[in-house]
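Asker: Sharing a sequence plus its predicted fold:
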Amino acid sequence: MSKNNIKIIASSIIFFIITYILFGTLSTVKAESTYNQSVKSGIEAFPQEYQELLNALKQEHPNWTFDAYYTGISWDELVQNETNHGHNRIINSANSLWKCSCGDVATGYACASSSITKYYMDPRNFLNNDVKVFQFLEISYNERIHTLEGIKSVIKGTFMENKKVSVTVNGNKQEMSYEQIILEAAKQSNMSPYSIATKIIQEVGSKGSASVSGTYAGYEGYYNFFNYAASDGGSPIAKGLEYAKNGNGKQTRRRKRKVIITLDRPI
Ligand SMILES: [Zn+2]
């Protein structure tokens, strides 16, 4: 897995969630701490400066909707916690203004300056075009917007299109299409099925790789769609399949919950 130039914890005063259907709700979000957090739908739920940028996006993409995630964390508290020395880092070859004056460097990454950290934490810096805004895309499973048809369109043209495979779900053997498998994985892991499908394609390519053929010599019947543990050096595929062979199911980073789906025969 590659390191980004700067590691910024994804938290901010207000977050965005883009969804592809219209709905208006006020729901309570489970907080990690005692902060009072909520989600409010609609551009009008954002501060004025955000609204101008979001309205411009909405004009270009009328079917996008925006939800404001009120974290209950003040900007000052957030900045204070994100600029603890070494908490966020930047590649050491970066512009010196992006590096903290404390001079802390670890494995090629320098402590990030508070000004660059603040820049990346401020959503207003990333709402001026329809590419950067996707860092705020909702990536948890949402039964109101994630559908089999939607997954089908994501995997169209890949090795997963129109393919049924024999799988075991929670101990039950059955034939399922890839879109059904991905939807089931989304439900079990609370991850967006579109994110899961995209990640698979990103990791193994649109034609699939030996990581998912189930026929790799010495690892027949083992699959690793996310290339977990397939690190460089030696054979990355064998490393990833060894990881799968050792009983590691697909896991999501978000909740560390195992997705209990195993493929029973090669695709
Ligand atoms: Zn520092």
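Answerer: Structure received.

Asker: give me phi/psi at residue 134?
Answerer: Per-residue torsions, residue 134: phi -70, psi -10 (degrees, to the nearest 10).

Asker: For it, report the pLDDT, please.
Answerer: You'll see residue 134 listed with a pLDDT of 90.

Asker: again, but for residue 67
Answerer: 91.

Asker: what packs against the helix or strand containing it?
Answerer: Element membership for residue 67, per DSSP states H and E: strand 65-70. Counting contacts by 3 or more CB pairs under 8 Å, 6 or more residues apart in numbering; DSSP states H and E, strand 65-70 packs against strand 14-19, strand 38-41, helix 48-60. Where you see a C-beta, it was placed from the backbone N, CA and C, and this is true even at glycine.

Asker: For the last one, enumerate the helices and strands it packs against.
Answerer: I take that to be helix 48-60. strand 65-70.

Asker: got the angle for the strand it packs on vs helix 48-60?
Answerer: On the basis of axes from the mean of the first three to the mean of the last three CA atoms, to 10 degrees, strand 65-70 is oriented at 160 degrees to helix 48-60.

Asker: So whichever helix or strand comes after strand 65-70, near the ion or not?
Answerer: Counting by DSSP H and E, the next helix or strand C-terminal to strand 65-70 is helix 75-82. No: shown here: helix 75-82 not in contact with the ion (CB under 5 Å from the ion), separated by at least 11.7 Å.

Asker: Check which residues of helix 75-82 are buried.
Answerer: Judged by neighbour count using 16 or more other CB atoms under 10 Å, the buried positions of helix 75-82 are 78, 82.

Asker: which is the next helix or strand following it?
Answerer: Taking DSSP H and E, what comes next after helix 75-82 is strand 89-91.

Asker: list the buried ones in that next one?
Answerer: Quick answer for strand 89-91 (16+ other CB under 10 Å): 89-90.

Asker: Next one: residue 76 from the ion, what distance?
Answerer: 18 Å (CB to the ion, to the nearest Å).

Asker: likewise residue 132?
Answerer: From residue 132 to the ion the distance is 26 Å (CB to the ion).

Asker: from what I can see that residue touches residue 123, true?
Answerer: No: here residue 132 lies out of contact with residue 123, judged by CB atoms under 8 Å, at a distance of 9.8 Å.

Asker: Compare those two (neighbour count), which wins?
Answerer: Taking other CB atoms under 10 Å, residue 132 and residue 123 do not tie; residue 123 has more neighbours (20 against 12).

Asker: And the strands in the stretch 151-267 of the chain?
Answerer: 164-169, 172-177, 250-251, 258-259, 261-263 (DSSP state E, counting those that start in this stretch).

Asker: What lies in contact with the second one?
Answerer: Looking back up the chat, that one is strand 172-177. For strand 172-177, contacts defined as CB atoms under 8 Å, 6 or more residues apart in numbering pick out 162-169, 184, 264.

Asker: contacting residues around residue 148?
Answerer: Residue 148 neighbours (CB under 8 Å, 6+ apart): 179-180, 183.

Asker: Could I get the residues you listed in JSON lines, plus columns for distance to the ion and pLDDT?
Answerer: What follows is the contacts of residue 148, written out as JSON lines (distance: CB to the ion, whole Å; pLDDT from 0 to 100):
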{"residue": "179", "distance to the ion": "47", "pLDDT": "95"}
{"residue": "180", "distance to the ion": "49", "pLDDT": "94"}
{"residue": "183", "distance to the ion": "44", "pLDDT": "95"}
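
Asker: Would you mind listing what in the stretch 51-200 of the chain touches the ion?
Answerer: Counting by CB under 5 Å from the ion, the stretch 51-200 of the chain sits next to the ion at 85, 100, 102, 111.

Asker: Could you export those residues as JSON lines, including neighbour count and pLDDT?
Answerer: Output for those, formatted as JSON lines (neighbours: other CB atoms under 10 Å; pLDDT from 0 to 100):
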{"residue": "85", "neighbour count": "13", "pLDDT": "92"}
{"residue": "100", "neighbour count": "21", "pLDDT": "96"}
{"residue": "102", "neighbour count": "11", "pLDDT": "95"}
{"residue": "111", "neighbour count": "22", "pLDDT": "95"}
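
Asker: Just the residues you listed: which are in strands?
Answerer: Judged by DSSP state E, the subset of these located in strands is residue 111.
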